[in-house]
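Enquirer: Predicted model and sequence below, questions to follow.
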Amino acid sequence: MPVITPLLLPLLTALLCVLTRSDPHRQRNVSLGGALGQLFCAGVLLRRIVGSGPLTMVAGNWPLPFGIEFTADRLGISLVLVAAVMVTVVVVWQRSDVDIAPESPALHPLLHGLVAGACGAFLTADLFNLYVWFELALICSLGLLAQGGTLRHLDATFKYFALNLVGTLLLLAAVALLYAYTGQLNFTALGTAAAGRDGVLLLPLIGLLALAFLIKAAAFPFFSWLPSSYHTLPAPVLALFSALLSKVGICALIRILGGVLHPAPEVLFRGLGWIALISMVTGVLGAAYHWDLRRILAFHSISQVGYMLLALALASRAGNAAAIFFALHHSLVKAGLFLVAGMIYRHVGHYDLRRIGGLYAAKPGLATLFLILSLSLVGLPPSSGFWGKYLIVRESIVQGEYLWAGTALAVGLLTLYSMMKIWLEAFWKPHPDSTWHVPAGMRLAPAYAGVGVLILAVVWVGVYPGGLLGFVGAAATGLWGGPP
């Protein structure tokens, strides 16, 4: 199976969805078929890569560095698999009546276009093509944000567009300047060329590139686009955004700073470490301040991006492995929490914690799902979040970065506080309206199926972490050119 199958299949699915736009039933079936096909392809490629190492393809068989190269390594294919799982969950979720996205003719083409852009960014081995796939994901994201058509949707779309446009221009400038200085854009050739250049001149170019990726990843102080736009999205699209968009920026940072340009100047990693700490603290304080479920979880995403950046800032194989582990864990857990938030909204009719309550008594199963995901986000054992934070804190202590380790632990406590706030307000306290009762006749089975898949994955990683720990360790080694 060609390496570019995870790019071509969602593009083909998007095209077929456009062609079937006049028949919504057929379009939804085409979309589901494409999502399941993407899941199958990602699984097959993952198995081949684990068995025989990274797979590479050069479009048109042009000689390198002139041909457009794609490489599926452990980092890229693991995120492609997450994208495949998430688009399948979203398409299945759309068959429920739980805060679904409006079934416009453009919805499914945009969903699969977003997945194609993200998968292209995960698999490309060329800096300019990384920019191209970033932009495809951005355009589809804007379309999904604007779908609601109301003033608040358009306002969120504008805010999302404005700051991401800055990131796009910085990224394009960095690509052009690096090409002018090294004459290369292919990752392997760029790494070789950069190794022989003056580090003083290279530093601002790499810094500019990292700055563009930090904007895309929603790190401090560039995160405002995320909480300003996410709260306007319906639950399934919000879950897809949460699982993919910031991970595109994180993946690019891991690949460029942790692989292609390794060893990058140390000052970059020190700066990245402080940005990580501030992101963690500001994100969790923002979450503690707000009462809207979606805003709380959106601010937590900024905080969790800080954990990933902190792992990368440690500039070691163990740090890179921790960053990859945390990215995979966070994609599943945060998407699951956004979906559970949508189910809470369906039952009580509001996202504002001050206006809801009583769900523990009425829906104990939903309370259990929320509790499992929350404990994993906080990082309590045994959960996938515990292993992610353990890897980061351990490597920080090993390197003598006690302040970084202490901040990571303290932010975990603040995360526990804000998740407890959701638990107490939405589940434990009585509903403020004494006449409230759970609506009858809801179509919840597809929603529970989607959340169930994510929770099974999260629980499995938490109880049996050995497989994923070995996988991300080999992925980090592969970034530095070592054996998988």
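Expert: The structure has been received and is ready for your questions. Predicted model only: the values in this text are computed from it and were never measured.

Enquirer: Name the surrounding residues that touch the lowest-mean-pLDDT helix or strand in the chain.
Expert: Across the helices and strands of the chain, mean confidence by mean pLDDT, DSSP states H and E is lowest for helix 225-229: a mean of 87. With contacts defined as CB atoms under 8 Å, 6 or more residues apart in numbering, helix 225-229 is touched by 145, 156-157, 159-160, 162-164, 218, 246, 286, 295, 298-299, 301-302. For every residue, glycine as well, the C-beta is placed using N, CA and C.

Enquirer: which is the next helix or strand following that helix?
Expert: Next helix or strand after helix 225-229 toward the C-terminus (DSSP states H and E): helix 235-255.

Enquirer: which other helices and strands contact the helix or strand just after that next one?
Expert: Later in the chain than helix 235-255, the nearest helix or strand by DSSP H and E is helix 266-289. Packing partners of helix 266-289 (3 or more CB pairs under 8 Å, 6 or more residues apart in numbering; DSSP states H and E): helix 199-217, helix 293-313, helix 402-422.

Enquirer: Please parse this protein into its domains.
Expert: Following the TED database, one finds the domains of the chain at 1-168+228-254, 265-432+443-483.

Enquirer: Any idea which of these gets closest to residue 187?
Expert: Among the domains of the chain, domain 1-168+228-254 comes nearest to residue 187, with 4.6 Å by CB to CB.

Enquirer: What's the end-to-end length of that closest one?
Expert: Start-to-end span of domain 1-168+228-254 (CA to CA, to the nearest Å) is 26 Å.

Enquirer: Figure out how far that domain is from the centre of its chain.
Expert: Centre-to-centre, domain 1-168+228-254 and its host chain are 11 Å apart (CA atoms, centre = their mean, to the nearest Å).

Enquirer: What of stretch 362-374?
Expert: The answer for stretch 362-374 is 23 Å, by CA atoms, centre = their mean.

Enquirer: Mind listing what's buried along it?
Expert: For stretch 362-374, a neighbour-count test (16 or more other CB atoms under 10 Å) marks 362-363, 366-367, 369-370, 372-374 as buried.

Enquirer: Would you reformat these as TSV and include pLDDT?
Expert: Shown next, in TSV, are the buried residues of stretch 362-374 (pLDDT from 0 to 100):
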residue	pLDDT
362	93
363	94
366	96
367	96
369	96
370	96
372	96
373	96
374	96
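
Enquirer: State the mean pLDDT of stretch 34-51.
Expert: Averaged across stretch 34-51, the pLDDT comes to 96.

Enquirer: Now it - C-alpha only, CSV.
Expert: Presented in CSV, the C-alpha positions along stretch 34-51 are these (Å, rounded to 0.1, in the frame of the first residue of the first chain):
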residue,chain,number,x,y,z
GLY,A,34,-14.3,6.7,3.4
ALA,A,35,-13.7,7.0,7.2
LEU,A,36,-13.6,3.2,7.7
GLY,A,37,-11.3,2.9,4.7
GLN,A,38,-9.0,5.5,6.2
LEU,A,39,-9.0,3.5,9.4
PHE,A,40,-8.1,0.3,7.6
CYS,A,41,-5.3,1.9,5.6
ALA,A,42,-3.8,3.5,8.7
GLY,A,43,-3.9,0.1,10.5
VAL,A,44,-2.2,-1.7,7.6
LEU,A,45,0.6,0.9,7.3
LEU,A,46,1.1,0.9,11.1
ARG,A,47,1.6,-2.8,11.0
ARG,A,48,4.1,-2.6,8.2
ILE,A,49,6.1,0.2,9.8
VAL,A,50,6.3,-1.6,13.1
GLY,A,51,7.4,-4.7,11.3
